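> sequence and predicted model, in that order:
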Amino acid sequence: FANGFSTSQTVGILAAMTSNYFLNNYITFQEHRLKSIDLLRGLLSFYLICSLGAFANIAVSTYLFSLSSNWLVSSFVGAIFGAVWNFTLSSNFTWKSKWKMSDHSYDRNHYLVFLFAIFIFIKFALIKHVPLINDESYTLTISRYFSLSYFDHPPLMTWISYLFHLFETQSAHSFRAPHIIFGTLTSYFLYKIGCFIYSRQTGVFAAILYFISPFFFFSGGFFVVPDGLLNFSVAGATYFAIKIIFGNENKTYFWLALGLLLALAFLSKYQSYFFALALFVAFLIWKREVFLNPNFYFSFIISVCGLLPVIIWNIENNFDSLSFHQTRSSFTFDIFHAVNSILLQSMFLLPTTTILICISLVNYIQSKKREESFLILLSFPTILIFNFFMMASENSFAHWSMMGWMLLIPMASNNINLFKSSLKKFLL
């Protein structure tokens, strides 16, 4: 019966999309009413915009129906999700409605809140339907006992799982909840970076590209693995550093946030050390005066606190972390492994996102925008160093460089705007 419900729900959505378009055109947006050929183009635009709203409608209603078997409530809640999405986007693109500044700002914020709500809902809808992977089972096992650090990774991910054990959490899938939140916050910081460097629309594209990337969807904000925490802290630190360096912000809470996020990064994964060194170089290049600023040292001291648990644990355990990671550097070149690692990185990002990043790097050679130089400086050490290890060691893994690729997503998102004008001209 559930399958029949989904089918009938889909047919109902298609009928509702068409009727809603004509009702909106003649009533809601009568001052921007579309006529003649614009009416047909607007309908195509409306279908395109509402497709994701339709997906949310079906996903929400079907999921609720599977829990309650109440078709009326399930359909109603799904319709609410779809209606909010459809109105928000269609008012800005299909009818190009010109709101007053305050109303326009409210509408944009409303759209963003709903977008991130969809991100969270989709992942929570999947949380019990995706089996635990081996790394998650390992983490849930070792996190039953507290430790300052662990031989393979810094301790933050395991500390969070330890808190869940303290509260005697029964469902193993519930341990994913904080990682879903961190993944969503990473999307938000990428959105803010895109807004600051380019435009608000670029920021939205950056958040979406992160969300739809296979690696970032699962390892960057779903599975109980350290990548989600690393990406959150690095993206957040990048945003606050951009505001300090290029936005000339010197508020204490900006420096406090930067220090805390760097501390969290140090507690998440060892790749963060390369990021921190690159960030220090960035201050040397673009903001040397911060070395005379007490806030810089305040932030520095806070960030170093994130190193202390790892350092103390390794001193007490004969630097087992260093010994473990040295075993991954066999320095035996394997052409198959090297090519496979490069292809896997492209698949982790999505081939389309990889192409957009390559295009953005080519465009950078011509423009050399300071903020883009900053992102490249922060991302390239991780990308180059770990790709070297992938080529020199068959014991390496393709996902080691993903933190660096993540920082280039705002640049890739800006290239989507290059195609925006022609697409709008065809659809609207």
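Perfect, I can see it now.

> any idea of the pLDDT on residue 114?
Per-residue pLDDT puts residue 114 at 71.

> in which helix or strand does it reside?
helix 101-126 (DSSP states H and E).

> and the next element down the chain from that helix?
Tracing the chain past helix 101-126, the next element assigned as helix or strand by DSSP H and E is helix 134-142.

> quick check: angle from the helix or strand just after that next one to helix 134-142?
Scanning forward in sequence from helix 134-142 by DSSP H and E, the next helix or strand is helix 156-166. Our comparison of helix 156-166 with helix 134-142, counting by axes from the mean of the first three to the mean of the last three CA atoms, to 10 degrees, yields an angle of 60 degrees.

> please identify the buried residues of helix 156-166?
156, 157, 158, 159, 160, 161, 162, 164 (16 or more other CB atoms under 10 Å). For glycine as for every other residue, the C-beta is placed from the backbone atoms N, C-alpha and C.

> secondary structure class for the residue nearest to residue 305 when sequence neighbours are not counted?
Excluding the flanking residues, the one nearest residue 305 by CB to CB, 6 or more residues apart in numbering is residue 263, at 5.3 Å. What DSSP: H, G, I helix; E, B strand; the rest coil gives for residue 263 is helix.

> so who does residue 263 touch?
By CB atoms under 8 Å, 6 or more residues apart in numbering, the contact list for residue 263 reads 302, 303, 304, 305, 306.

> check residue 234 too.
So residue 234 contacts 261, 265, 272, 275, 403, 406, 407 (CB under 8 Å, 6+ apart).

> could you list every residue that touches residue 310?
By CB under 8 Å, 6+ apart, the contact list for residue 310 reads 148, 149, 154, 155, 266, 267, 321.

> ok, the closest residue to the fifth one other than its chain neighbours - how many residues close by?
If you skip the residues right next to it in sequence, residue 266 has residue 306 as its closest partner in space, 3.5 Å away by CB to CB, 6+ apart. Per other CB atoms under 10 Å, the neighbour tally for residue 306 reads 23.

> residue 306 and residue 267, how far apart?
5 Å (CB to CB, to the nearest Å).

> point out where the stretch 301-428 of the chain drops to low pLDDT.
328-331, 333, 417-428 (pLDDT under 70).

> if you set the cut-off to 90 instead, what comes out?
Counting by pLDDT under 90, the stretch 301-428 of the chain contains low-confidence residues at 322-342, 344, 350-352, 366-368, 386-399, 415-428.

> helices of that one, start to end?
308-316, 320-326, 335-349, 351-367, 370-392, 402-406, 409-416, 420-427 (DSSP state H, counting those that start in this stretch).

> okay, those helices in JSON lines with distance to residue 40 next?
Shown next, in JSON lines, are the helices of the stretch 301-428 of the chain (distance: least, CB to CB, whole Å):
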{"stretch": "helix 308-316", "distance to residue 40": "61"}
{"stretch": "helix 320-326", "distance to residue 40": "60"}
{"stretch": "helix 335-349", "distance to residue 40": "36"}
{"stretch": "helix 351-367", "distance to residue 40": "28"}
{"stretch": "helix 370-392", "distance to residue 40": "40"}
{"stretch": "helix 402-406", "distance to residue 40": "40"}
{"stretch": "helix 409-416", "distance to residue 40": "25"}
{"stretch": "helix 420-427", "distance to residue 40": "10"}
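
> closest one to residue 220 among the ones you listed?
Residue 220 lies closest to helix 402-406 among the helices of the stretch 301-428 of the chain, at 7.5 Å (CB to CB).
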